[in-house]
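>>> Generate coordinates for the sequence data below:
(one chain, ligands or ions: 2)
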Amino acid sequence: MSRYEDARAQYADWGVETEAALSALAEIPISLHCWQGDDVVGFETRTGASGGGIQATGNHPGRARNPQELRADLDFAYGQIPGTHRLNLHAFYLDTDAAPDRDAIELTHFQSWIDWAKEKNHGIDFNPTFFAHAKADDNLTLSHPDQGIRDFWIEHGKRAREIAAGIGKALGSASVNNIWVPDGSKDTPVDRMAARQRLEAALDAMMATGFARAQLIDAVESKLFGIGVESMTVGSHEFYLGYAIRREIALCLDMGHFHPTENVADKLSAVWLSVPELLLHVSRPVRWDSDHVILLDDSILQMAQELVFADLLKRTHIGLDFFDATISRTAAWVIGTRNMQKALLRALLLPQTRLKAAEAALDFSARLMITEEAKDLPYGAIWQEFCARQNVPDGLSLISELERYQSKVAMRR
Ligand SMILES: C[C@H](O)[C@H](O)[C@@H](O)C(=O)CO
Ligand SMILES: [Mn+2]
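Numbers count the residues shown, from 1 in each chain. Ligands and ions are numbered 1, 2, ... in the order given. Model prediction:
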């Protein structure tokens with residue numbers, strides 16, 4: 001009997017069908033964030049001083065310096081990740097010899113990304129870029145008191161939505177366009193209301209044009225605080241939760257954008273009842289929103305379990321948000337994405353029916369016993385089978401592949 005067949009039989013004893021889990025996992029796309037490949041630098045020829053409070057730290061060799069290198073790195077990374085996945089592209093990763101300002105970007109500036117995605121069968125998600133620009137140096141964009149600056153960013157946001165819808169149409173797969181703005185205040189503000197009213201009005205103006213759901217899905221991302229905006233973030237969780245409900249758009253929950261003691265997995269079912277769709281930015285905050293590469297740790301396992309047990313996958317888009325410049329950029333993508341998949345697989349392999357029955361019967365001893373004993377089941381053999389069926393390496397061969405690419409390609413840049 002093969003390792004997989006043996007493991008399959010053990011799971012069957014618990015009432016879990018491994019084949020069903022493998023088929024379900026193969027259908028879950030994950031959106032890889034382009035910004036892990038180049039430390040959130042982007043490909044604009046003009047850049048401003050503001051990083052919007054987000055910053056990659058480290059100087060490991062091999063950062064992608066242009067769209068060609070980034071696509072080559074992505075091709076390699078996708079080749080090590082089982083299944084077919086998406087790309088999450090930021091507006092400042094445009095590919096053009098022209099130097100349009102943010103309020104002048106067009107779909108044509110992203111044509112090479114569309115061509116590449118068509119050829120490789122990736123959907124593309126999109127993001128307007130409201131940071132790393134001189135007009136964001138006050139850490140204020142859509143909520144800036146200056147109407148001229150607001151109008152500039154509103155125009156950028158409108159164009160980003162048009163581009164995302166164009167990408168969605170070209171690829172036949174709706175593009176999730178996620179809006180995150182860095183706006184906030186370093187010290188205690190005295191007129192929070194005015195800032196939030198300006199942000200709401202600007203978002204409304206940006207999103208006035210309707211697009212077919214088959215092309216574009218609007219999402220908004222909140223944050224607790226950022227470097228330079230420690231005292232108040234205009235787009236807080238409460239602000240965007242209310243906004244997403246009122247406008248019936250997707251809510252983005254970034255795992256690094258809450259207080260470190262909050263459990264983001266717990267929020268899913270709560271907000272799910274009121275918003276039509278969810279976007280996740282799966283991340284690992286170490287003491288703060290540090291965006292470390294995700295591990296197969298409790299926070300990710302709990303997130304995956306909620307997605308599976310509460311049947312949330314059908315209206316949840318899974319995106320990643322981490323960037324670590326102290327390690328191989330491609331290894332970071334591969335390890336992080338595979339960890340998200342491993343967490344989903346572990347959730348799919350749990351004896352869900354038994355666990356839910358124990359809880360419904362208030363038999364919390366049984367719930368605890370099943371939870372803990374199920375941890376000993378041979379999940380690794382099922383993951384290896386998944387990798388083998390999807391033609392990607394695992395274990396030591398994966399490590400050799402990641403090291404080979406880093407030394408043969410990335411280090412030579
Ligand atoms: C680059 C992204 O837009 C950014 O990481 C955003 O999603 C965020 O989480 C900011 O803290
Ligand atoms: Mn994020």
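>>> drop to CA atoms for contacts and neighbour counts, all remaining ones
Noted.
>>> Could you work out the end-to-end span of stretch 221-230 for me?
With CA to CA, to the nearest Å applied, stretch 221-230 spans 17 Å between its terminal residues.
>>> is ligand 1 contacted by it?
No: contact of stretch 221-230 with ligand 1 is not found when judged by CA under 6 Å from any ligand atom; the minimum separation is 6.8 Å.
>>> Tell me where the chain has helices.
Using DSSP state H, the helices of the chain run over 3-13, 18-26, 67-79, 111-120, 147-171, 192-206, 237-247, 264-272, 298-309, 329-348, 352-360, 364-374, 379-389, 395-408.
>>> is the fifth one up against ligand 1 anywhere?
No: interface with ligand 1: helix 147-171 contributes nothing (CA under 6 Å from any ligand atom), its closest point being 13.0 Å away.
>>> in that helix, what counts as buried?
149-171 (16 or more other CA atoms under 10 Å).
>>> I'd like to know which of the helices of the chain is closest to Pro128.
helix 147-171 (5.3 Å; CA to CA).
>>> For that closest one, give the mean pLDDT please.
For helix 147-171, the mean pLDDT works out to 98.
>>> hmm, who's touching that helix?
If you take CA atoms under 8 Å, 6 or more residues apart in numbering as the criterion, helix 147-171 is touched by 91, 102-107, 114, 117-118, 123-128, 130, 135, 141-144, 174-177, 202-203, 205-207, 211, 214-216.
>>> List buried residues within those.
Applying 16+ other CA under 10 Å to these flags 91, 102-103, 105-107, 114, 117, 123-128, 130, 135, 141-144, 174-177, 202-203, 206-207, 215-216 as buried.
>>> Would you mind listing the residues in contact with Asp254?
Glu221, Ser222, Lys223, Leu280, His281, Val282, Ser283, Asp321.
>>> I'd like to know how far it sits from Ser236.
12 Å.
>>> May I have the beta-bridge partners of the spatially most central residue of the chain?
Centrality entry for the chain: nearest residue to the mean C-alpha point is Gly319, 2.2 Å, by CA atoms, centre = their mean. Beta-bridge pairing for Gly319 (DSSP bridges): Ser31, His281.
>>> surely it meets Ser31?
Yes: Gly319 lies in contact with Ser31 (CA atoms under 8 Å); the separation is 4.5 Å.
>>> quick one: common contacting residues for the two?
Asn88.
>>> Narrow the buried ones among the contacts of helix 147-171 to those in strands?
Ile124, Asp125, Phe126, Asn127, Ser175, Val176, Asn177, Leu216 (DSSP state E).
>>> from those residues, which is closest to Ala410?
Ile124 (24.2 Å).
>>> Tell me the confidence at that closest one?
On the pLDDT scale, Ile124 is placed at 98.
>>> shouldn't it be in contact with Ala117?
Yes: counting by CA under 8 Å, Ile124 does reach Ala117; the two are 7.3 Å apart.
>>> could you pick out which of the contacts of helix 147-171 are near ligand 1?
Near ligand 1, judged by CA under 6 Å from any ligand atom, there are no entries from the contacts of helix 147-171.
>>> Ligand 1 contacts on this protein?
Ile54, Trp180, Asp321.
>>> Turn those into JSON lines, including pLDDT, distance to Asp97 and neighbour count.
Formatted as JSON lines, the residues of the chain next to ligand 1 follow (pLDDT from 0 to 100; distance: CA to CA, whole Å; neighbours: other CA atoms under 10 Å):
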{"residue": "Ile54", "pLDDT": "80", "distance to Asp97": "27", "neighbour count": "18"}
{"residue": "Trp180", "pLDDT": "98", "distance to Asp97": "27", "neighbour count": "18"}
{"residue": "Asp321", "pLDDT": "98", "distance to Asp97": "28", "neighbour count": "25"}
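>>> List just the nearest of those to Leu25.
Asp321 (20.5 Å).
>>> these two touch, right, the closest one and Ser283?
Yes: under the criterion of CA under 8 Å, Asp321 makes contact with Ser283 at 5.3 Å.
>>> Now do the shared contacts for these two.
With CA under 8 Å, 6+ apart, Asp321 and Ser283 have common neighbours Asp254, Asp291.
>>> returning to that earlier point: tell me which of the helices of the chain sits most buried.
Mean neighbour count (mean count of other CA atoms under 10 Å) peaks for helix 329-348 among those, with a mean of 24.
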